[in-house]
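**Q** sequence? don't have it. structure:
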């Protein structure tokens, strides 16, 4: 009797499980919206609107995505400064790969750096720009500058050098601002072109899907080397969110107390991943 009841119930239970599994899987998919006009990448959230925001609740992060035929645009809003960690030193890396696979073979690292006027002049001249004395004097009128660097990186975090000849694609850019409520706002642009065209290209077009991962905080190579030089053994804590709703987080240093983690392990590293469905142009 028990076997017969189980046998009758099993198909029903299996069907329910399949439906629930499909619902859980669907919740991890974030759909980009079509950008009729490219957002101005200035670190301001005004033109995005609240209706396009998704949330990574366990990290107090809101985000939104748009794309057109050439670029992917992303807005990232940190509502709680505790989760910024050491982002000023590590920057934020966006990883792109096949749906269903959390690969870090390729990413684009966005990092803001401080530079003196003389350092900026040196960088511009190294890039081949011929600066007149008048232009140098104009630059030196401001003692400090923010440089917004965006570089393609490999799985080791090393910069992928651009090819000698690049195709016609917009380079990745980003900007940062502080919201009136104290939040930190990041705005990004990444080309959708293949990496043969641009080393920082996503390699997917409108209507296609891609795995998108974000990672920030933790320790840089310089920070780790400094700790080793002091005889300390860094054991970096890492927290990750698994879907767009942020309903599951993982702490890989779960055995440690928070105070011990902060002192012995350094700043935490955070990440989350979503399956991104790129928008297609609306039909006329």
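**A** Now that the structure is in, tell me what you want to look at. Computed from a predicted structure; not experimentally measured. Residues are numbered from 1 along each chain as shown.
**Q** what secondary structure does residue 88 sit in?
**A** For residue 88, the secondary structure call by DSSP: H, G, I helix; E, B strand; the rest coil comes out as helix.
**Q** Would you agree it is in contact with residue 112?
**A** Yes - with contact defined as CB atoms under 8 Å, residue 88 counts as touching residue 112 (7.1 Å). C-beta here means a position set from N, CA and C on the backbone, and glycine is covered the same way.
**Q** quick one: low-confidence parts of the stretch 51-200 of the chain?
**A** Applying pLDDT under 70 to the stretch 51-200 of the chain picks out residues 51, 163-166.
**Q** All the helices of it, in order from the start?
**A** Here the stretch 51-200 of the chain has its helices, by DSSP state H, counting those that start in this stretch, at 87-90, 117-126, 133-140.
**Q** Distance from the first one to the middle of the chain?
**A** Relative to its parent chain, helix 87-90 has a centroid offset of 13 Å by CA atoms, centre = their mean, to the nearest Å.
**Q** List of residues touching that helix?
**A** 111, 112, 216, 217, 218, 219, 220, 223, 269 (CB atoms under 8 Å, 6 or more residues apart in numbering).
**Q** So which of those residues sit within helices?
**A** Taking DSSP state H, the ones among the contacts of helix 87-90 that sit in helices are residue 223.
**Q** List only buried entries from the contacts of helix 87-90.
**A** Buried by 16 or more other CB atoms under 10 Å: 111, 112, 216, 217, 218, 219, 223, 269, out of the contacts of helix 87-90.
**Q** of all those, which comes closest to residue 195?
**A** Using CB to CB, residue 111 is the member of the buried ones among the contacts of helix 87-90 that lies nearest residue 195, at 19.9 Å.
**Q** Contacts only, for the residue nearest to the closest one when sequence neighbours are not counted.
**A** Of all residues not flanking residue 111 in the chain, residue 91 sits nearest, at 3.2 Å (CB to CB, 6 or more residues apart in numbering). Residues near residue 91 by CB under 8 Å, 6+ apart: 109, 110, 111, 112, 149, 216.
**Q** Could you find the two of those that are most distant from each other?
**A** Between all members of those, the farthest pair (by CB to CB) comes out as 149 and 216, at 14.6 Å.
**Q** what's across from residue 185 in the sheet?
**A** Judged by DSSP bridges, the bridge partners of residue 185 are residue 77, residue 177.
**Q** I figured it hits residue 43, correct?
**A** Yes - between residue 185 and residue 43 there is a contact under CB under 8 Å: 5.4 Å.
**Q** Residue 277 against residue 32, yeah?
**A** Yes - using CB under 8 Å, residue 277 is in contact with residue 32, at 6.5 Å.
**Q** Those two: who's more crowded?
**A** residue 32 (23 against 17; other CB atoms under 10 Å).
**Q** Going by secondary structure, residue 275 is in what exactly?
**A** In this assignment (DSSP states H and E), residue 275 forms part of strand 269-277.
**Q** Starting from that strand, tell me which strands it pairs with and how they run.
**A** strand 29-31 (parallel), strand 209-217 (antiparallel), strand 238-241 (parallel).
**Q** Of the ones you listed, flag the one that's most buried.
**A** strand 209-217 (a mean of 21; mean count of other CB atoms under 10 Å).
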